[in-house]
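Colleague: Predicted coordinates and the sequence they were generated for:
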Amino acid sequence: NAGVTQTPKFQVLKTGQSMTLQCAQDMNHEYMSWYRQDPGMGLRLIHYSVGAGITDQGEVPNGYNVSRSTTEDFPLRLLSAAPSQTSVYFCASSLQGAETDTQYFGPGTRLTVL
Amino acid sequence: LAKTTQPISMDSYEGQEVNITCSHNNIATNDYITWYQQFPSQGPRFIIQGYKTKVTNEVASLFIPADRKSSTLSLPRVSLSDTAVYYCLVGSNDYKLSFGAGTTVTVRA
């Protein structure tokens, strides 16, 4: 199993540009989520999904959109990039999102917005 | 969702035991305690989870007193490769896990 994969690894955007961060998992997990991590800080939840066709907002959803058309994929869209969105983005998945389920994280995407 | 408090940083030397205590005074009856480890430039990874008393695996031990208002992650005989940030998570709020700032453990030779 590849686990959780994310592309790209690095990305530089200009203010106002849009882009999609890709996330895929091959563990047949129902629950997927996106976090952002700013320097020296913990992870903050952006959006999550408990299954295909179902998404919900996390702690910091503004400026981001998600969709879940398949169990495997959970892309994160930046609608109009801003310097405040410069961060490292992690995608995670778990069996069903229960607190006793192990969360598996991807390697991250380092995004810089100029 | 239980609020957790853990030290910002800890220093240690190779071969020593490292104990990180997490306070969670308002833990709910059905909450579990979970620890994750994050190496630089990587995503977090699960270390250990427990509900009460003691849990041990090949990586760490987790000690939980009877009142469950705190927990201690114990890393035996650390090496340089154990340098990482360690997060204590307690419970979840409708599928939302909360990662605080974590404890940065630095192991020196």
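Modeller: Perfect, thanks for sending it.

Colleague: all contacts plus neighbour counts: C-alpha atoms, from now on.
Modeller: OK.

Colleague: what's the burial count for the closest residue to A:Gln37 other than its chain neighbours?
Modeller: Leaving aside its chain neighbours, A:Gln37 sits nearest to A:Leu43 (4.7 Å; criterion: CA to CA, 6 or more residues apart in numbering or on different chains). Residues near A:Leu43, counting by other CA atoms under 10 Å in any protein chain shown, number 23.

Colleague: Pretty sure A:Leu43 sits against B:Lys96.
Modeller: No. Shown here, A:Leu43 and B:Lys96 do not form a contact pair, counting by CA atoms under 8 Å, at 11.6 Å.

Colleague: Now for the residue most central in space within chain A: which residues touch it?
Modeller: Central residue of chain A (CA atoms, centre = their mean): A:Trp34, 2.9 Å from the mean position. For A:Trp34, the contact set (CA atoms under 8 Å, 6 or more residues apart in numbering or on different chains) comprises A:Leu45, A:Ile46, A:His47, A:Tyr48, A:Leu76, A:Tyr89, A:Phe90, A:Cys91, A:Ala92.

Colleague: In a strand, it, correct?
Modeller: Yes. Assessed with DSSP: H, G, I helix; E, B strand; the rest coil, A:Trp34 lies in a strand.

Colleague: Spell out which parts of chain A neighbour chain B.
Modeller: When proximity is defined as CA under 8 Å from any CA of the partner chain, chain A approaches chain B at A:40-45, A:58, A:90, A:97-100, A:102-108.

Colleague: Derive a ChimeraX selection command for the buried subset of these.
Modeller: Typed into ChimeraX, the line below selects the buried ones among the residues of chain A next to chain B, using 16 or more other CA atoms under 10 Å in any protein chain shown:
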select /A:42,43,44,45,58,90,97,98,99,100,102,103,104,105,106,107,108
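
Colleague: And the pLDDT for the residue of chain A at minimum distance from chain B?
Modeller: Nearest residue of chain A to chain B (CA to the nearest CA) works out as A:Gly42 at 4.2 Å. In this model, A:Gly42 is scored at 86, pLDDT.

Colleague: Tell me who's in contact with it.
Modeller: For A:Gly42, the contact set (CA under 8 Å, 6+ apart) comprises B:Phe99, B:Gly100, B:Ala101, B:Gly102.

Colleague: how about a cut-off of 6 Å?
Modeller: Counting by CA atoms under 6 Å, 6 or more residues apart in numbering or on different chains, A:Gly42 makes contact with B:Phe99, B:Gly100, B:Ala101.

Colleague: Grab the nearest non-local neighbour of the last one.
Modeller: Take B:Ala101 and drop its neighbours on the chain: the residue closest to it by CA to CA, 6+ apart is A:Gly42, 4.2 Å away.

Colleague: can you check A:Thr100 too?
Modeller: B:Tyr32 (7.0 Å).

Colleague: quick one: that neighbour and B:Tyr51 touch, right?
Modeller: Yes. If you go by CA atoms under 6 Å, B:Tyr32 and B:Tyr51 touch, sitting 5.0 Å apart.

Colleague: does the residue in chain B that chain A sits nearest to belong to a helix or a strand, and which?
Modeller: Nearest to chain A, among the residues of chain B, is B:Ala101, at 4.2 Å (CA to the nearest CA). Using DSSP states H and E, B:Ala101 sits within no helix or strand.

Colleague: okay, it: pLDDT?
Modeller: 85.

Colleague: Run a quick neighbour tally on it.
Modeller: 20.

Colleague: do the same with B:Gln16
Modeller: Per other CA under 10 Å, the neighbour tally for B:Gln16 reads 13.
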